[in-house]
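J.: Sharing a model that was predicted from the sequence below.
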Amino acid sequence: MQTSMILDWPWQVLVNKYTLSKRQVVNELSTFYSFLLGFLIALIIGSVILIIQDKSPGDTFSLMFKLSIGSVNSLSSSLNKATPLILAGLGIAIINTVKLWNIGAEGQIFMGAIAVNLIYINLQLSNSTSFILILLFSSFLGGAFCILIPAVTKVLFGVNEIITTLLTNYIVLGLTIYLVNGPWKDPDSLNFPAAAYVGKEVYLPNIFGKLSYGFLICILFTAFAHYLKNNSVFGYEMRIAGGSEMTAIYAGINAKQKAFFAMLIGGGFAGLAGGVELLSQTHRVSTGISQGFGYTAIIVAAITGMRPIGIFLVGSLFGALSIGGSVIQTIGVSTYIADIIQASTLFGALIIQFFFNYQLKRVDDG
Amino acid sequence: MNKFLETKNITKTFGKLKALDDVNFNLYRGKIHGLLGENGAGKSSLMNVLSGIYQPEKGAIYLDGQRRKISSPDIASQLGIGMVHQEFRLVESFSIKDNLTLSKSNIFKGDFLKSFKKYSEIFALNANENEIISNLSVGEKQKIEIMKLIFNDSNIMLLDEPTAVLTPQETSQLKISLITLAEEDMKTIVLITHKLKEIKEFTEIVSVMKNGKMVAKDLPTNDVTDNQLIELMMGTVKKSTINKNNEIGQTKLKVENINFFESVSNIKKLEEINFQIKAGEILGLAGVSGNGQVELANIISGIEKIFEGKIIINNNDVSKKGVRSRKKLNLSYIPENRLGVGLAPGVSVIDNSIVRDYFFTKLGPHLSKSRTSNYLQSLIKQFSIKAPNPKAEISTLSGGNMQKLLMGRELVGNPDVIIASQPTRGLDVNAVNAIHNLLIDQRNKGSAIFLISEDLDELFKLSHRLLVIFEGKIVKSFNTADANINDIGLAMAGVSE
């Protein structure tokens, strides 16, 4: 018929010549390789931006390297920085086992810190170890409480959790601003809106140097999340519920219940991140408790394909990048170079992962 | 006779699988062509190439002697090639008229009402053109799908198993309609099927595919025998006669006065269902899909909890109990929806293999990796499943292997009661035989089996007794030995004498 109507646009020529097909077998380490290549791509992108700004990428990256992991002290700072990222990332990964997305880690981090301060104000214990443990536990509950409404609405009415968890971030941020400007405002902080510092008796001590016990908590919870996801009955039931709610019901698994508890536990992890950050770093509630940890944690979790051990490693690297990024200001480079590298790593890794999952094949005309 | 459409050396691969291997295929104007083959033989792949959905890696397509490149469904449609898929592709919320005239390249410009009236007569369709698609029955939707091709000005109509969803009576009607279209409108029609009877009744020319290859083409249907076609399709003909004089034991499953209303619409889905199955007995439930079979299976297995009536397994009233307590009484359920209900998509082979047994074998909150992997390996051995990588996602297995995994998982515990819902749907002949043998073995071991199927051959082959369900009621019951296919077909279509 009217072949002339069929225009060969450039993309169509490509589409005609190549075809994408899903690979049957995907390398088990593909996520790891995609991360490495993604990180390489990110470094290249970062270098280009640095060159445009007339800075030497070599000097900048070596300085970042030196000041983030070059000494025991800087390494400790990096790992301390990584701790909330990793904990929140683990929470996201646990929730993703039932194929749900937690965009609300940021709010849960704040809620964890708020819970710590609330209990701290209303409870005074002489034994500082048990007090610290109780405060950490309350931060976990705070995070779980924060995701309660998204969890209930998801399970009962099927409300999209991406929207509700995102919205709770703004609610909790508003609550924080209210608290630090109102009831909890520390008169000694002058005009800076912040709550009063907690007492030194509840500071999380350091293991050695500057490395906080928070990092040890982080290691323990990484192991716990790994076990929960991969080796426990609960993890198995979450996987089935995430794969297909109908299969879960068929198997006698209460899919909604699994989703509910997965959300609470995941929220608790992020809350714990806030508690650890307060007790080990900031020591008081303010809007600076989290510097976007809850959002960066989504990147970390996504890059690693929601694997707890991967989250631990990539989280540590991202912590180091943040520390490195904050120090290169001294040579006149914007700290945002670290953010650019983090975000480009995700993009790069996702694109590479795509080619692990699919292959491009030339169509042979024969 | 001139070739209207010709394909030369079409090759299409998916991963390592050669779906189409050097396929040559011819179509002649105004004829009804049969394309016969087992599941997975490549019939649908070939049709998808002709309709522009798949791009072959090799090969050429000639239409009226001119070489054409069909790089998208839109281009296929411009060239006058249209396809009806097994799953309907209608816009459910649109009217019949909107669906029929919906097209990118060939928008219908003639007198719609006149044409609609003409083709409604040809298809024996009694519906107003403004009727919304979702109000139509499956058979009516099928008619609209085929009419859509006509309104899209398709001269080549590719029909992928159009009779799968039809009752015997609707199938006869379709035959009359297609013959009219071929004779009066000179439409070129391809009927994909794996039912010999339809090839014989519908088509003039038949081609046979096997394992991605065209093993015979352009055979005049009248000149070939059933045995010849079967041999081409399957290589060898296996005849199996099942001995039905096995030992029958105690009653294992009693279903008493089941009434069920769908919760949202409050429509009565099941009415006064009563039957019993004894150990060693296979009770078949015949019926066209959607007459309450899924609901009944869900009620017996415990998935659906709100209903009237009683379910008694091994003399235990489990009407108020859940899925697990019924599993503990050794009930197994092989659901109709293999991937989505029986198996969880996106989850690994090994995780899917323990869906039934994980809560029997777990150690507290711990799930032992070695135990689960031993369990899977024993299933693979016992039921000869091809699943090389336990961590691979379940949908990387073929349909037959998925079903074997599902059946194996449900049968390995030697269940007292088995509900098998459409256990062989969409499987090739070898897989079907394997599944049938599993069910017969299990019957001989003393399971009471409730076999829900649309495939009358299967029901006749396996069951001792047959029930026919129509609109939620058991309308007929037969002893298989005394039953005849016509009576059952009529009962399935709701015709009562």
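T.: Structure received. Numbers count the residues shown, from 1 in each chain, chains lettered A, B, ... in the order given.

J.: For burial, what's the neighbour tally of B:Asn337?
T.: 16 (other C-beta atoms under 10 Å in any protein chain shown). Just so you know, the C-beta spots here come from the backbone N, C-alpha and C atoms, and that holds for glycine as well.

J.: sec struct for the nearest residue to it once chain neighbours are set aside, please.
T.: Excluding the flanking residues, the one nearest B:Asn337 by C-beta to C-beta, 6 or more residues apart in numbering or on different chains is A:Met246, at 7.3 Å. At A:Met246, secondary structure determined by DSSP: H, G, I helix; E, B strand; the rest coil is helix.

J.: Contact partners for A:Met246?
T.: B:Asn337, B:Gly340, B:Val341 (C-beta atoms under 8 Å, 6 or more residues apart in numbering or on different chains).

J.: Show the pLDDT at the first one.
T.: So the one you mean is B:Asn337. As predicted, B:Asn337 sits at a pLDDT of 88.

J.: In three-state terms, label it for me.
T.: Applying three-state DSSP: B:Asn337 is coil.

J.: Can you report phi and psi for it?
T.: phi -90, psi 90 (degrees, to the nearest 10).

J.: Return the residues in contact with the nearest residue to B:Glu308 once chain neighbours are set aside.
T.: Spatial nearest neighbour of B:Glu308, excluding adjacent residues (C-beta to C-beta, 6+ apart): B:Asn259 at 4.2 Å. Residues near B:Asn259 by C-beta under 8 Å, 6+ apart: B:Lys268, B:Leu270, B:Glu271, B:Glu272, B:Ile273, B:Phe307, B:Glu308, B:Gly309.

J.: ok, and the closest non-adjacent residue to the fourth one?
T.: With C-beta to C-beta, 6+ apart as the measure, B:Asn257 is the residue that lies nearest to B:Glu272, at 5.9 Å, once sequence neighbours are left out.

J.: again, but for the second one
T.: Across the structure, with C-beta to C-beta, 6+ apart as the measure, the residue nearest B:Leu270 apart from its sequence neighbours is B:Phe260 (4.0 Å).

J.: Which strand or helix spans the one you found?
T.: B:Phe260 belongs to strand B:251-261 when assigned by DSSP states H and E.

J.: Return whichever helix or strand comes after that strand as CSV; C-alpha atoms alone will do.
T.: Going down the chain from strand B:251-261, the next helix or strand is strand B:268-278, by DSSP H and E. Only the C-alpha atoms of strand B:268-278 are listed here, as CSV (Å, rounded to 0.1, in the frame of the first residue of the first chain):
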residue,chain,number,x,y,z
LYS,B,268,-24.6,-14.9,43.3
LYS,B,269,-21.6,-16.9,42.0
LEU,B,270,-22.3,-20.3,43.3
GLU,B,271,-25.6,-21.9,44.1
GLU,B,272,-26.3,-25.1,46.1
ILE,B,273,-23.1,-27.0,45.2
ASN,B,274,-23.0,-30.5,46.6
PHE,B,275,-20.7,-33.4,45.9
GLN,B,276,-18.4,-35.9,47.5
ILE,B,277,-15.1,-37.5,46.4
LYS,B,278,-13.8,-40.7,47.6
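
J.: List the residues that contact the residue of chain A found nearest chain B.
T.: Nearest to chain B, among the residues of chain A, is A:Gly243, at 3.0 Å (C-beta to the nearest C-beta). Going by C-beta under 8 Å, 6+ apart, A:Gly243 touches A:Lys99, B:Ala344, B:Pro345, B:Gly346, B:Val347, B:Asp351.

J.: what does A:Ile217 give?
T.: If you count contacts by C-beta under 8 Å, 6+ apart, A:Ile217 has them with A:Thr83, A:Leu87, A:Leu136, A:Leu272, A:Val276.

J.: Could I get the average pLDDT for the helix or strand containing A:Leu216?
T.: Following DSSP H and E, one finds A:Leu216 within helix A:213-230. Average pLDDT, helix A:213-230: 96.

J.: And it, what's buried?
T.: Within helix A:213-230, the residues that count as buried by 16 or more other C-beta atoms under 10 Å in any protein chain shown are A:213-215, A:217-218, A:221-222, A:224-226, A:228-230.

J.: thought B:Ser463 was touching B:Leu283?
T.: Yes - at 6.2 Å, B:Ser463 and B:Leu283 qualify as touching, with contact defined as C-beta atoms under 8 Å.

J.: Tell me if I am right that B:Ser332 is in a strand.
T.: Yes - looking at B:Ser332 with three-state DSSP, it is inside a strand.

J.: Look up how far chain A lies from it.
T.: Distance from B:Ser332 to chain A, counting by C-beta to the nearest C-beta, to the nearest Å: 11 Å.

J.: tally of neighbours for residue 249?
T.: Here I'm looking at chain A. For A:Ile249, using other C-beta under 10 Å, the count is 21.

J.: switch to chain B, that's the one I care about
T.: Neighbours of B:Gly249 (other C-beta under 10 Å): 12.

J.: Tell me which residue in the stretch 251-400 of chain B sits closest to chain A.
T.: Closest point on the stretch 251-400 of chain B to chain A, by C-beta to the nearest C-beta, is B:Ala344, at 3.0 Å.

J.: Give me the pLDDT value at that residue.
T.: For B:Ala344, pLDDT reads 94.

J.: cool, and the one 10 residues further on?
T.: According to the model's per-residue confidence, B:Ile354 sits at a pLDDT of 93.

J.: State the helix or strand in which the closest residue to it other than its chain neighbours lies.
T.: In this structure, B:Ile354 finds its nearest non-sequential neighbour in B:Thr372, 5.3 Å apart by C-beta to C-beta, 6+ apart. Element membership for B:Thr372 (DSSP H and E) is helix B:369-382.

J.: what does B:Leu178 give?
T.: If you go by DSSP H and E, B:Leu178 is part of helix B:168-184.

J.: Name all residues that make contact with A:Met306.
T.: Taking C-beta under 8 Å, 6+ apart, one finds A:Ile92, A:Ala93, A:Asn96, A:Thr97, A:Lys229 in contact with A:Met306.

J.: So which of those belong to helices?
T.: Those of those mapping onto helices are A:Ile92, A:Ala93, A:Asn96, A:Lys229, per DSSP state H.

J.: got the contact list for B:Val432?
T.: B:Val432 sits next to B:Thr424, B:Glu458 when contact means C-beta under 8 Å, 6+ apart.

J.: err, A:Gln281, not the other one
T.: Per C-beta under 8 Å, 6+ apart, neighbours of A:Gln281: A:Asn80, A:Ser212, A:Gly214.

J.: and what of A:Thr168?
T.: Applying C-beta under 8 Å, 6+ apart, the residues near A:Thr168 are A:Gly104, A:Gly107, A:Gln108, A:Cys146, A:Ile147, A:Ile149, A:Pro150.
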